[in-house]
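Enquirer: Sharing a model that was predicted from the sequence below.
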Amino acid sequence: NAGVTQTPKFQVLKTGQSMTLQCAQDMNHNSMYWYRQDPGMGLRLIYYSASEGTTDKGEVPNGYNVSRLNKREFSLRLESAAPSQTSVYFCASSATDYSNQPQHFGDGTRLSIL
Amino acid sequence: AQTVTQSQPEMSVQEAETVTLSCTYDTSESDYYLFWYKQPPSRQMILVIRQEAYKQQNATENRFSVNFQKAAKSFSLKISDSQLGDAAMYFCAYRSRSGGSNYKLTFGKGTLLTVNP
């Protein structure tokens, strides 16, 4: 039972390079999310998708784009990576975005930008 | 906007003893959800316990229980009979129930729990 799968787990980029982080869930969830985790900051929402075909900005969307490819997949793209985007990125999903159903998280992607 | 505050950056507890992690939040809403997540060194985010604001009864999951004080906007986590495997970063989180753009999960900055043998 895979749950939420993120790829890759680790990545090193140079400033200015682009990259797409992939996320897929197999729980038939409607809602998906991208967070970043920085030391001492907790998790902050970058973008979310309440349902297939919709995406919305979260707390820290600048420098990122997302695509809800289908119900299972939600990707995060860095068009021109900057050192300030060095972080651990988590994808999550939930049955809906308005219930007490918890968000299920992937194992995270550690991204370093030099 | 809602904010979640965890005032204890680090806590420690002896194995088999009890520890309480604090969480306060700021909101003008009357209906919402609260969660505690655990993040061990493996980096996974694991749901520990959840509470609906409209329920007066405190949630309990085995050795984990909460003290939910709605008027005080406080949501503390009590871990009884602490085990070495409880060592982790613990995050308190808030989620609106009223819809719109407030569906997002707002996290506190976390409390790092060390369990001493």
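Expert: All right, it came through fine. Residues are numbered from 1 along each chain as shown, chains lettered A, B, ... in the order given.
Enquirer: How many residues are close by A:Pro61?
Expert: A:Pro61: 16 surrounding residues under other CB atoms under 10 Å in any protein chain shown. The way it works is simple: take the backbone N, C-alpha and C, and place the C-beta from them, glycine included.
Enquirer: what's the helix or strand for residue 67?
Expert: Reading this off chain A. strand A:64-68 (DSSP states H and E).
Enquirer: To clarify, I was referring to chain B.
Expert: Taking DSSP H and E as the criterion, B:Asn67 maps to strand B:64-69.
Enquirer: How much space separates the most centrally placed residue in chain A from chain B?
Expert: In chain A, the centroid-proximal residue (CA atoms, centre = their mean) is A:Trp34; its distance is 2.7 Å. From A:Trp34 across to chain B, the span is 11 Å (CB to the nearest CB, to the nearest Å).
Enquirer: on that earlier part again, any idea of the mean pLDDT for the next helix or strand after the strand holding A:Ser67?
Expert: The helix or strand immediately downstream of strand A:64-68 is strand A:74-78, counting by DSSP H and E. For strand A:74-78, mean pLDDT is 97.
Enquirer: which strands and helices sit next to the next helix or strand after strand A:74-78?
Expert: Counting by DSSP H and E, the next helix or strand C-terminal to strand A:74-78 is strand A:87-94. With contacts taken as 3 or more CB pairs under 8 Å, 6 or more residues apart in numbering or on different chains; DSSP states H and E, strand A:87-94 sits against strand A:4-7, strand A:19-25, strand A:31-38, strand A:74-78, strand A:104-105, strand A:109-113.
Enquirer: Single out the most deeply packed of the ones you listed.
Expert: strand A:31-38 (a mean of 24; mean count of other CB atoms under 10 Å in any protein chain shown).
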